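Chemist: Fold the following and give me the result.
(one chain, ligands or ions: 1)
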Amino acid sequence: MKNLIAGNWKMNPSSKKEAEELFDNLKKKIKIKPDAQTEVVICPPFVFLSLSKGLPLGAQNLFYEDKGAFTGEISSAMLKDLGVEYVIIGHSERRKYFSETDEVINKKIQKALDLGLKVIFCIGETAEEKSAGKKEEVLQRQIQDGLKDILDIDNVSVAYEPVWAIGTGENCSVQETKESIEFIKKFVKKDTRILYGGSVKSENSGAYIKEAGSNGLLVGGASLDAEEFTKIVQSAE
Ligand code: PGA
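Modeler: Just a heads-up that it's a prediction; the model follows:
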């Protein structure tokens, strides 16, 4: 199984020029070889997807209907047509700011898979849930409801992203990540890829793969710096 390193640019950068520069820099630094042990995917905002310079692409969201009167939404078919390979679904920022429920996430995953997109399915507990001792309950519910009635999860990678670790600099310890990954494995297939995300930097990235047993990383802030992101990719090799 190849490790997957995904860069989630979130709502950055602010201009086409900056996005082009970032793609250019990534393209120069990251050498994508077909036989490499690590797969890399860049997930920019929708409006910058077509600037990718041939780098493997992921989207940050999609809508579960095929087409029609859904102002502001983007379909799986549109993403496929642009050459997008992956889509992030269930990110905690979508759950929090856009009220995405497990049910909505489930429909999005189903639609993405139906159209041949690979899914990076995010789950993770908040600080409150963790301190109330509910971490495992939350993870179990998010996985089971998110993957409900989905028969084939071969194209799903699960990203464990503790909400309290995202964008805070407070990354989850290797030991705790390892335990969470072991827990998550009970609910997926033996060969399902489990990623870690939350304040990943080049100083801590290697340990999540080599010590915590993850099969890759979902990188937010650090993916906006081509040099840092490249170091993270190298640390997985
Ligand atoms: P971060 O974000 O690396 O900035 O913490 C990770 C994510 O939200 O996927």
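
Chemist: Going along the chain, name the helices of the chain.
Modeler: Assigned by DSSP state H, the helices in the chain fall at 16-29, 76-81, 92-97, 102-114, 127-131, 135-146, 174-185, 202-210, 226-235.

Chemist: Counting neighbours, show which residues of the fourth one come out buried.
Modeler: Of the residues in helix 102-114, those buried by neighbour count under the rule 16 or more other Cβ atoms under 10 Å are 102, 104, 105, 106, 108, 109, 110, 111, 112, 113. Yep, even glycine has a C-beta here, placed from its N, CA and C like the rest.

Chemist: ok, so of the residues you listed, who is nearest the ligand?
Modeler: residue 105 (15.1 Å; Cβ to the nearest ligand atom).

Chemist: Quick one, grab the pLDDT at the spatially closest residue to the closest one that is not a sequence neighbour.
Modeler: Nearest residue to residue 105, sequence neighbours excluded (Cβ to Cβ, 6 or more residues apart in numbering): residue 90, at 4.3 Å. We note a pLDDT of 98 for residue 90 in this prediction.

Chemist: and the residue in the chain positioned nearest to the ligand, what does it touch?
Modeler: Going by Cβ to the nearest ligand atom, the ligand is nearest to residue 220 of the chain, at 2.2 Å. Residue 220 is in contact with 8, 10, 166, 167, 197, 200, counting by Cβ atoms under 8 Å, 6 or more residues apart in numbering.

Chemist: picking up where we left off before, could you point out which of the helices of the chain sits nearest residue 40?
Modeler: helix 226-235 (5.6 Å; Cβ to Cβ).

Chemist: elements contacting the closest one?
Modeler: With contacts defined as 3 or more Cβ pairs under 8 Å, 6 or more residues apart in numbering; DSSP states H and E, the packing partners of helix 226-235 are strand 3-8, helix 16-29, helix 202-210, strand 216-219.

Chemist: Which stretch among these is buried most, on average?
Modeler: Mean neighbours per residue, mean count of other Cβ atoms under 10 Å, is largest over the helices and strands packed on helix 226-235 for strand 216-219, with a mean of 28.

Chemist: Which strands or helices does it pack on?
Modeler: Partner elements for strand 216-219 (3+ Cβ pairs under 8 Å, 6+ apart): strand 3-8, strand 193-197, helix 202-210, helix 226-235.

Chemist: quick one on the thing from earlier: what about the helices of the chain, which gets the closest to residue 60?
Modeler: Once the helices of the chain are compared by Cβ to Cβ, helix 92-97 is nearest, at 8.2 Å.

Chemist: what residue of the protein is the furthest out?
Modeler: residue 69 (27.9 Å; Cα atoms, centre = their mean).

Chemist: any idea how far it lies from residue 47?
Modeler: Distance, residue 69 to residue 47, using Cβ to Cβ, to the nearest Å: 21 Å.

Chemist: Could you pull up phi and psi at residue 148?
Modeler: Residue 148 adopts backbone torsions of phi -60, psi 130, taken as degrees, to the nearest 10.

Chemist: Run through the residues that contact it.
Modeler: residue 106.

Chemist: Who does residue 193 form a beta bridge with?
Modeler: residue 157 (DSSP bridges).
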